[in-house]
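pasting a predicted model and its sequence here:
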Amino acid sequence: MPLNRRTFLGSTAATGAGVALAGGVAGPAEAAGRGPGAGHGHDGGHGGAGKGKRYSFTVMGTTDLHGNVFNWDYFTDKEFDDAAHNDVGLAKISTLVDQVREEKGRHNTLLIDAGDTIQGTQLSYYYAKVDPITAARGPVHPMAQAMNAISYDAAALGNHEFNYGIPVLRKFEEQCRFPLLGANALDAKTLKPAFAPYVIKKLRTPFGREVKVAVLGLTNPGIAIWDKANVQGKMTFPGLEEQAAKWVPKLRSMGADVVLVSAHSGTDGSSSYGDQLPYVENAATLVAERVPGIDAILVGHAHVEIPERRVVNKESGKDVVLSEPLKWGQRLTLFDVDLVWERGSWTVERVGSRVLNSNTVAEDKKITRLLSDEHRKVVAYVNQVIGTSTAAMSTADAPWKDEPIIDLINHVQVETVKAALAGGEWAGLPVLSQASCFSRTAGIPAGDVTIRAAAGLYPFENTLEARLLTGAQILEYLEYSVRYYVRTAAGAPVDTSKLTNADSIPDYNYDVVSGLTYEIDIAKPVGSRIVNARFGGAAVDPAAKFVLAVNNYRASGGGNFPHVAAAQQLWANSDEIRNTIIGWVREAGTVDAGAFASVDWKLTRDGTPVF
């Protein structure tokens, strides 16, 4: 049976008209009259100076929305705010989109996304797990409802689209009135596209000569590692550059006047998974440089803001414009495209890009009203009290100190793995555990503990595994982890704002390991920082065997930590670690740090503690 019940090779759409997809499947967004030609406004074309007639249009883009509809933080139970006073959510984006459509003329605009849509907030989690969209007569996903209401034209697949499994993704796809694009998301058996590779939108001009705009969607090869349990044997993900080189010429041969790429892939050419895959994770710049025929790339995945970056294609010598709007709906990219009619065809004269800040506008009430019930349900869910805590705990200092709140994660993971292995072959081995500080603003208050407080410790949908490692491998694992610290000479001032994230290593790729004690000498060079590592009061035996409680992201190679991906799997769980923590708090009733917290690691310089 084919993986995708709605498989088609691509789609073409005339704005404000019907749409035909290859394979004869109707496109619901355009058929419902919701394409960008359905509105009215001034036309973007103009004659005048130059050799021929000119036409301009604008492509708007979002990326890494991660389940954000409202300007709301479900983990703090209040409006979102950060140090820069950014706002988040599709309700804000909708207001910006309406303004651009009013200014440019709705039929002179398109709206696309670059992926990571259905994971990231408790709103998106609730409709994947608590009240799942896959249930019989289940709800419509809030992200589908909001994006349909805003009239998106297309969205590329992000890697987090696969976190809840392919059935949830397929149901979301079914609920969207726009195509989900992934030219390099292939059926593992047929090696044919499992999703639409592209969409072609036809824009009307004042001159009676339509403009064909092709949008090619590319996703991240890392899905094969990060969501191995969900996709292995079902889908495969070749490189962005290779697939772009295959599809861009086809789109041009089909008459595309403009080719845009929506790529869930960053720009810096790096790969967090090292050489585990032969494909680059952050390949957008390589695609621009090496694949001729692309006019612009909407970039996603990296969670950075790029208003405009120009990359010269090495073959054609032409500029390719790249832009990445900031995550969660904090920014909206605008690609302004100018065309001229010359020698019987449209030629791209210029492409420019910029970003708009969503904190400059109010939320669109049509979006907030549309999803007010869903929002209220989730707020009520996350505020359920599941236990009490004897003291307040915070992650604020966790990146540089052994804090009880991270010990809680490790304690729960160790207890869970020990219980799973009890009575079996591996029950006698010591269990260690890894954990990261995912958010520096997470915390558990003294008193009532709610779902949102417990869930805030683990914002990702990771599951738990047990892997078999030696003492030597554990020490190498730790050495790799502590690259995270900036080398700081003994006696030099210590500024915690500059102490971590060396070489742009994110907090989620720094692990602490519980069950043994060790020092991290940040005065030493990378590779020789772990000192005085001890287990049970004695130096760690390189040949000793340990069970490591580890999340599936790390176990599948995420972060490229040594040894763990190749280590023997002793046990694995399908439930999220977040739910395991929530369940533990419910059962325990009381969270008492005195029962599990200890100082197992510390930063030093030449033997002197930093703190």
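Ah, there it is.

list the contacts for Trp226?
Shown in contact with Trp226 (CB atoms under 8 Å, 6 or more residues apart in numbering): 159, 162, 553, 556-558. In short, each C-beta sits where N, CA and C put it, glycine included.

for Asp541, state which of those is nearest.
Of all the contacts of Trp226, Gly557 has the smallest distance to Asp541: 26.5 Å, by CB to CB.

quick one, phi/psi of the closest one?
Per-residue torsions, Gly557: phi 110, psi 0 (degrees, to the nearest 10).

could you measure from it over to Ile406?
The gap separating Gly557 from Ile406 is 23 Å, by CB to CB, to the nearest Å.

same check on Ala544?
Ala544 is 24 Å from Ile406, by CB to CB.

for these two, indicate the residue with more neighbours.
For Ala544 versus Ile406, the count of surrounding residues by other CB atoms under 10 Å is larger for Ile406: 23 against 16.

please report phi then psi for that one.
Torsion angles, degrees, to the nearest 10, at Ile406: phi -80, psi -30.

low pLDDT regions in the protein?
1-51 (pLDDT under 70).

which residue is nearest the middle of it?
Asp116 (4.5 Å; CA atoms, centre = their mean).

now that one: closest residue in space, sequence neighbours ignored.
Once flanking residues are discounted, Asp116 sits nearest to Gly158: 3.3 Å by CB to CB, 6 or more residues apart in numbering.

now do the buried residues in stretch 204-213.
204-205, 209-213 (16 or more other CB atoms under 10 Å).

go on, stretch 379-388?
379, 381-382, 386-388.

my guess is Gln413 contacts Ser436. True?
No. At 11.8 Å, Gln413 does not count as touching Ser436 under the criterion of CB atoms under 8 Å.

show me the strands in the stretch 401-550 of the chain, by range?
431-435, 443-444, 447-450, 463-470, 512-514, 517-521, 530-535, 538-539, 545-551 (DSSP state E, counting those that start in this stretch).

can you redo those strands as CSV with mean neighbour count and distance to Tyr198?
Below are the strands of the stretch 401-550 of the chain laid out as CSV (neighbours: other CB atoms under 10 Å; distance: least, CB to CB, whole Å):
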stretch, mean neighbour count, distance to Tyr198
strand 431-435, 24, 41
strand 443-444, 22, 45
strand 447-450, 17, 45
strand 463-470, 22, 34
strand 512-514, 23, 44
strand 517-521, 21, 48
strand 530-535, 16, 49
strand 538-539, 9, 58
strand 545-551, 24, 35
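
among those, which is nearest Val299?
strand 545-551 (27.0 Å).

return the distance of the closest one from the chain's centre.
Per CA atoms, centre = their mean, to the nearest Å, the displacement of strand 545-551 from the mean C-alpha position of its chain is 26 Å.

list the helices and strands that strand packs on?
helix 404-421, strand 431-435, strand 463-470, helix 471-481 (3 or more CB pairs under 8 Å, 6 or more residues apart in numbering; DSSP states H and E).

extract the CA atoms of the shortest one and return them as PDB.
Right, the one you point to is strand 431-435. C-alpha atoms of strand 431-435 as PDB (Å, rounded to 0.1, in the frame of the first residue of the first chain):
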ATOM      1  CA  VAL A 431      22.300   3.300  35.800                       C
ATOM      2  CA  LEU A 432      23.500   6.800  34.800                       C
ATOM      3  CA  SER A 433      21.400   9.500  33.200                       C
ATOM      4  CA  GLN A 434      21.800  12.400  30.900                       C
ATOM      5  CA  ALA A 435      19.800  15.600  30.900                       C
END
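
helices or strands next to that strand in the packing?
Partner elements for strand 431-435 (3+ CB pairs under 8 Å, 6+ apart): helix 404-421, strand 512-514, strand 545-551.

quick one: it to strand 545-551, angle?
30 degrees (axes from the mean of the first three to the mean of the last three CA atoms, to 10 degrees).

also the third one?
For strand 463-470 against strand 545-551, the angle by the same axes, to 10 degrees is 160 degrees.

can you tell me what sits against strand 463-470?
Counting by CB under 8 Å, 6+ apart, 229, 413, 416-417, 420-421, 426, 429, 431, 477, 542-552, 555, 563-564, 567-577, 580 sit against strand 463-470.

sorry, back to before: can I get the strands of the stretch 401-550 of the chain in a markdown table with distance to Lys234?
A markdown table is the format used below for these (distance: least, CB to CB, whole Å):
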| stretch | distance to Lys234 |
| --- | --- |
| strand 431-435 | 28 |
| strand 443-444 | 38 |
| strand 447-450 | 37 |
| strand 463-470 | 18 |
| strand 512-514 | 33 |
| strand 517-521 | 40 |
| strand 530-535 | 39 |
| strand 538-539 | 45 |
| strand 545-551 | 22 |
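
which one of these lies nearest to Gly491?
strand 517-521 (13.5 Å).

quick one: that closest one to helix 471-481, angle?
Using the same axes, to 10 degrees, strand 517-521 lies at 40 degrees relative to helix 471-481.

what's strand 517-521 packed up against?
strand 530-535, strand 601-605.

contacting residues around that strand?
Against strand 517-521 from outside (CB under 8 Å, 6+ apart): 478, 482, 485, 528-535, 600-607.

and stretch 230-246, by the same measure?
3, 162-166, 183-188, 191, 194, 197, 216, 218-224, 261, 263, 265, 278-280, 283-284, 286-287, 290-291, 294.

returning to that earlier point: the residue nearest to Asp116 and Val550, how far apart?
Taken as CB to CB, the span from Gly158 to Val550 is 24 Å.

circling back: closest one of the buried residues of stretch 204-213 to Gly269?
Using CB to CB, those come closest to Gly269 at Val213, 27.6 Å.

list the contacts of that closest one.
57, 59, 110, 200-203, 256-258, 260.

at 10 Å instead, please
Contacts for Val213 were tallied using CB atoms under 10 Å, 6 or more residues apart in numbering; they are 13, 15, 57, 59, 110, 112, 153, 199-203, 251, 256-260, 295, 337.

for the contacts of Trp226, pick the one with the most neighbours.
Neighbour-wise, those (other CB under 10 Å) top out at Phe162, 27 neighbours.

measure the closest residue to that one other than its chain neighbours to Lys545 for me?
In space, and not counting its chain neighbours, Phe162 is closest to Asp227: 4.2 Å by CB to CB, 6+ apart. Computed as CB to CB, the Asp227 to Lys545 distance reads 29 Å.

check Gly447 too.
In terms of CB to CB, Gly447 sits 42 Å off from Lys545.

next one: Leu277
29 Å.

before we move on, the earlier item: relative to Ala454, which of the helices and strands packed on strand 517-521 is closest?
Among the helices and strands packed on strand 517-521, strand 601-605 sits nearest to Ala454 (CB to CB), with 23.6 Å.

quick check: can you name the pairing partners of that closest one and their directions?
strand 517-521 (parallel), strand 608-609 (antiparallel) (DSSP bridges).

possible to save those as TSV with distance to Ala362?
Shown next, in TSV, are these (distance: least, CB to CB, whole Å):
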stretch	distance to Ala362
strand 517-521	47
strand 608-609	50
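
how about these, which one is nearest Gly89?
Using CB to CB, the nearest of the strands paired with strand 601-605 to Gly89 is strand 517-521, at 38.5 Å.

what angle separates that closest one from strand 530-535?
180 degrees.

distance between strand 517-521 and the chain's centre?
32 Å.

please save the CA atoms from it in CSV.
Listed next in CSV are the C-alpha coordinates belonging to strand 517-521 (Å, rounded to 0.1, in the frame of the first residue of the first chain):
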residue,chain,number,x,y,z
THR,A,517,30.9,12.8,40.1
TYR,A,518,33.3,14.9,38.0
GLU,A,519,34.8,18.3,37.6
ILE,A,520,34.9,20.4,34.4
ASP,A,521,38.2,22.3,34.2
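
break this protein down into its domains, please.
With domains defined by automatic domain parsing, the chain comprises 11-377, 384-609.

just those: most buried one?
Of these, the one with the most neighbours on average (mean count of other CB atoms under 10 Å) is domain 11-377, at a mean of 21.
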